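[1] Kindly return the folded structure for what I paste below:
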Amino acid sequence: MSSRVLRRRSATAAWIYAAVACGIVGTIVAARVLGLDEFGVFATALAIVGFFQILLDLTVEESLTKYGFRYVTGRDWGRLRRLFRQALVLKVVGGALATMLIVLFAPFAEEVFGNQGLEQALLAASLLPLVQSSENVGATALLLHSRYDLRGVYQAGSAGLRLLAIVAFAHVGVTEVLVAIVVAQLISTIVISAVGVAALRRFPSAAPVELGEDVPEIRAFVVQSSLATGVISLRTTLVPIVLGVVSGTTQVALFRIAQTPQTGLAAASSPARLMLMTEQTRDWERGERARVLSGVRSYSKWAGGLMLVAVPLFFIAMPWLVRVVFGSEYDGAVTAARIVLLAAAVNFMTGWTKSLPVTIGRPRLRIVTHGLETVVAIPLVALLGAEWGATGAAVAVLVSTLVFAAAWLVVVLRLREEVASGGMSLQP
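    Numbering: from 1, shown residues only. Prediction:
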């Protein structure tokens, strides 16, 4: 491995960890300053916004990465520019639709969740999908130059701005801090979009060319990727929403605290996942398919060994950690956090499941596997959450995560057989 690649990987990890650290500190500050009840409103509002954002904001970033590398490899600069222009339009339209639906839902939120203040909080945060819509398009342009380190820089900057917004306005109230977060996101989006335009201009100039015969394939990829992220949103964002409906926003607050181990471990694997998607997609387009699957196997072994050491330590220390970090007010989250820790460890070991479908051009694999996960999770959250609150929701998450991992084990075994026989299809 060249020293330049090693430096980029190390820098990427450092900046992404910094971004996640800002996110975790932001959660701690919001939880302590707002208090259990208001933090429940804050967390529920962000969960609802996230649900509509992921559900209606078309997922074009994955197709930009997949086909962007194809056009860069083939030096098809005109199609590359057309691809980015169309992706930007789709993202802005999707973000606008998500914002509109959040505004329409806001007047009914307090009746659905039985909590005062939620309508105003939703209206304050409703612009988030729109102002964030072009951010990932700009970031993808950096990936096509293999500059995932720079993407990490801007990700950390965005998280830092959100942290400043929380620190500066959490003491004022939920509505005010959500407005500040929207403003922070707008600044971040403007910066990364400008950098993305500059990165795209570094490629040889060419007039945009119609995508031609690639249109059906790209359209299918975008539709399937969007369906996949929609299915994921049903699990990641509907879990706290369903929990809030059956148990109230206070249980959502406790569950949000319990999710901290999941946030931390997802952060730990994030640099590896970003580099896997960038480098393995490039290798796949070059025909080095066995190398891609070998990387998946190596990652799983390394991650599994790390979890064998880390999980017992954090499991034992969880009561002390929750009390010291968030305060005794959140002691009710300890059991749920221990259960979520186990689910997070499984997700950590299967971190490649986010990038592999993009790499091999089969986004529908995410639809199937996350669909199974969602089908298991949501009914269990409604059932167990109504009975045991945040702890019941955590059990539902663990069970659904194990189902997800089992499904991917079957998928990978079949992929290895296909690659070994030379019958791997390029169709999405």
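
[2] So residue 145: helix, strand or coil?
    Reduced to three states with DSSP: H, G, I helix; E, B strand; the rest coil, the structure at residue 145 is coil.

[3] contacting residues around it?
    199, 202 (Cβ atoms under 8 Å, 6 or more residues apart in numbering). For the C-beta atoms, the positions are set from N, CA and C on the backbone; glycine is no exception.

[4] ok, and for stretch 373-384, which residues are buried?
    Within stretch 373-384, the residues that count as buried by 16 or more other Cβ atoms under 10 Å are 373-374, 376-378, 380-382, 384.

[5] I'd like to know which of these is nearest to residue 185.
    Distance to residue 185, by Cβ to Cβ, is smallest for residue 374 among the buried residues of stretch 373-384, at 26.9 Å.

[6] My guess is that closest one contacts residue 400. True?
    Yes: contact status for residue 374 versus residue 400: in contact at 7.3 Å, counting by Cβ atoms under 8 Å.

[7] quick one on the thing from earlier: keep only those of the buried residues of stretch 373-384 that are in helices.
    Those of the buried residues of stretch 373-384 mapping onto helices are 373-374, 376-378, 380-382, 384, per DSSP state H.

[8] Strands of the stretch 251-400 of the chain, start to end?
    Per DSSP state E, counting those that start in this stretch, the stretch 251-400 of the chain carries no strands over any range.

[9] where are the low-confidence patches of it?
    270-288, 358, 363 (pLDDT under 70).

[10] Break down it into its helices, ranges please.
    260-285, 289-326, 334-349, 356-360, 364-388, 390-421 (DSSP state H, counting those that start in this stretch).

[11] Of all the ones you listed, which one is nearest residue 167?
    Nearest to residue 167 among those is helix 289-326 (16.0 Å), distances taken as Cβ to Cβ.

[12] Against which helices or strands is that closest one packed?
    Other helices and strands packing on helix 289-326, by 3 or more Cβ pairs under 8 Å, 6 or more residues apart in numbering; DSSP states H and E, are helix 3-56, helix 260-285, helix 334-349, helix 356-360, helix 390-421.

[13] From residue 350, how far off is the residue nearest to residue 356 when sequence neighbours are not counted?
    Excluding the flanking residues, the one nearest residue 356 by Cβ to Cβ, 6 or more residues apart in numbering is residue 296, at 6.4 Å. Between residue 296 and residue 350 the computed distance is 9 Å (Cβ to Cβ, to the nearest Å).

[14] coming back round to it: in TSV, list the helices of the stretch 251-400 of the chain along with distance to residue 55.
    Output for the helices of the stretch 251-400 of the chain, formatted as TSV (distance: least, Cβ to Cβ, whole Å):
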stretch	distance to residue 55
helix 260-285	20
helix 289-326	29
helix 334-349	21
helix 356-360	19
helix 364-388	12
helix 390-421	18
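
[15] distance of the closest residue to residue 47 other than its chain neighbours from residue 175?
    Excluding the flanking residues, the one nearest residue 47 by Cβ to Cβ, 6+ apart is residue 240, at 4.3 Å. Shown here: residue 240 relative to residue 175, a distance of 19 Å by Cβ to Cβ.
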